[in-house]
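*Asks:* Sequence and predicted model, in that order:
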Amino acid sequence: MTGTRHGTAALTFLKGHGTENDFVIVPDPDGRLDLSAADVARLCDRRAGIGGDGLLRVVRSAAHPEAAALAAEAEWFMDYRNSDGSVAEMCGNGVRVFARYLQRAGHAEAGDLAIATRAGVRRAHLAKDAEDGTPGDVTVRMGRAVLPAGPVAVAVGDRSWPAVHVSMGNPHAVAFVADLDQAGDLLHAPAVSPASAYPQGVNVEFVVDRGPRHVALRVHERGSGETRSCGTGACAVMVAAARRDGMDPAADGQPVSYVVDVPGGRLVITEHADGEVEMTGPAVIVAEGAIDPDWLAVRN
């Protein structure tokens, strides 16, 4: 870690999750930290670091060169990294957790909130807490899905399935299978062809039906491996399932919602008549602390 690492106080962090897709949260409002890929990987290491599927750096849009042009629309930028330190365009569960952090830190209240990401500005809504104090769900307008033309396929071992190419600001290959166990252990990325369809890598979702407008998935996220949930993946799966089932809200004018079960919980995904995809689910902050400055000072 470069920038302000050496000779300074410990780095403040929080830990949060959305349907058990967990993140290290690093507040850096003035954009002073320079987190290398190796730094992020260390922080996300589940045995030698804090542990997480990814890292959310919280920085004001005006202080980040990739987000400065969005500062008039959204004060805060979500600098999201996968657990291996690679940069990702979007993270749906991460946006919900990011919004929850801003609420906790006093930067936002229940209601509407704009968040800048590498995939553009996302609009979030923080529901009011329940009477018993249970945090309200967070709803995020995730943008419109894009379904690039051309066949793709997903393979695990000697089995392969046709897949649907869906972009939610980041790329997905959605394969409908008979049983989620057919995805294998997902320790390694499933083979996807043609490779030219995904020059920056791809998230792969394996999907089964649970009932009418109700599906379940397992996912391999590029740069992270199998995770307990993927928000953009749930959106991609919902859109792929709706098209398979003959529904296209932008064409027929009727919004449609699917329940999407993930290993870590449940999300509700709605596609509206304007094509906008909306995701609703929980977001929880579980811990807050500081990283030992001596540990930070050790070079990778």
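*Replies:* Received, thanks.
*Asks:* Next, A99: secondary structure please.
*Replies:* What DSSP: H, G, I helix; E, B strand; the rest coil gives for A99 is helix.
*Asks:* Can you show me the strands along the stretch 1-150 of the chain?
*Replies:* 11-18, 21-27, 54-60, 76-82, 111-117, 120-126, 138-144 (DSSP state E, counting those that start in this stretch).
*Asks:* P194 is nearest to which of the ones you listed?
*Replies:* Among those, the nearest to P194 by CB to CB is strand 76-82 (23.2 Å). In short, each C-beta sits where N, CA and C put it, glycine included.
*Asks:* got the angle between that closest one and strand 120-126?
*Replies:* Here the directions of strand 76-82 and strand 120-126 differ by 100 degrees (axes from the mean of the first three to the mean of the last three CA atoms, to 10 degrees).
*Asks:* which helices and strands does strand 76-82 pack with?
*Replies:* For strand 76-82, the packing partners by 3 or more CB pairs under 8 Å, 6 or more residues apart in numbering; DSSP states H and E come out as helix 37-44, strand 54-60, helix 92-104, strand 111-117.
*Asks:* In the stretch 151-300 of the chain, what residue spans correspond to helices?
*Replies:* Remark: helices assigned in the stretch 151-300 of the chain by DSSP state H, counting those that start in this stretch are 231-244, 249-252, 293-297.
*Asks:* among those, which is the most enclosed?
*Replies:* helix 231-244 (a mean of 26; mean count of other CB atoms under 10 Å).
*Asks:* so that one versus strand 21-27, what angle?
*Replies:* Going by the same axes, to 10 degrees, helix 231-244 makes 140 degrees with strand 21-27.
*Asks:* one step back: using TSV, lay out the helices of the stretch 151-300 of the chain together with mean pLDDT and distance to V262.
*Replies:* Formatted as TSV, the helices of the stretch 151-300 of the chain follow (pLDDT from 0 to 100; distance: least, CB to CB, whole Å):
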stretch	mean pLDDT	distance to V262
helix 231-244	97	6
helix 249-252	94	22
helix 293-297	76	32
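*Asks:* Which of these sits closest to D34?
*Replies:* helix 293-297 (12.5 Å).
*Asks:* how close does N203 get to R243?
*Replies:* Distance of N203 to R243, given as CB to CB, to the nearest Å: 18 Å.
*Asks:* any idea how the protein splits into domains?
*Replies:* According to automatic domain parsing, the chain comprises the domains 11-137+284-297, 152-281.
*Asks:* now these in a markdown table, with distance to G143?
*Replies:* Converted to a markdown table, the domains of the chain look like this (distance: least, CB to CB, whole Å):
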| stretch | distance to G143 |
| --- | --- |
| domain 11-137+284-297 | 7 |
| domain 152-281 | 6 |
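*Asks:* so where do the strands sit in the stretch 151-300 of the chain?
*Replies:* 152-156, 159-167, 171-176, 191-193, 203-211, 214-221, 225-227, 256-262, 265-271, 276-281, 284-291.
*Asks:* so which of those comes closest to A124?
*Replies:* strand 276-281 (9.7 Å).
*Asks:* relative to strand 159-167, how tilted is the closest one?
*Replies:* Using the same axes, to 10 degrees: strand 276-281 against strand 159-167 is 110 degrees.
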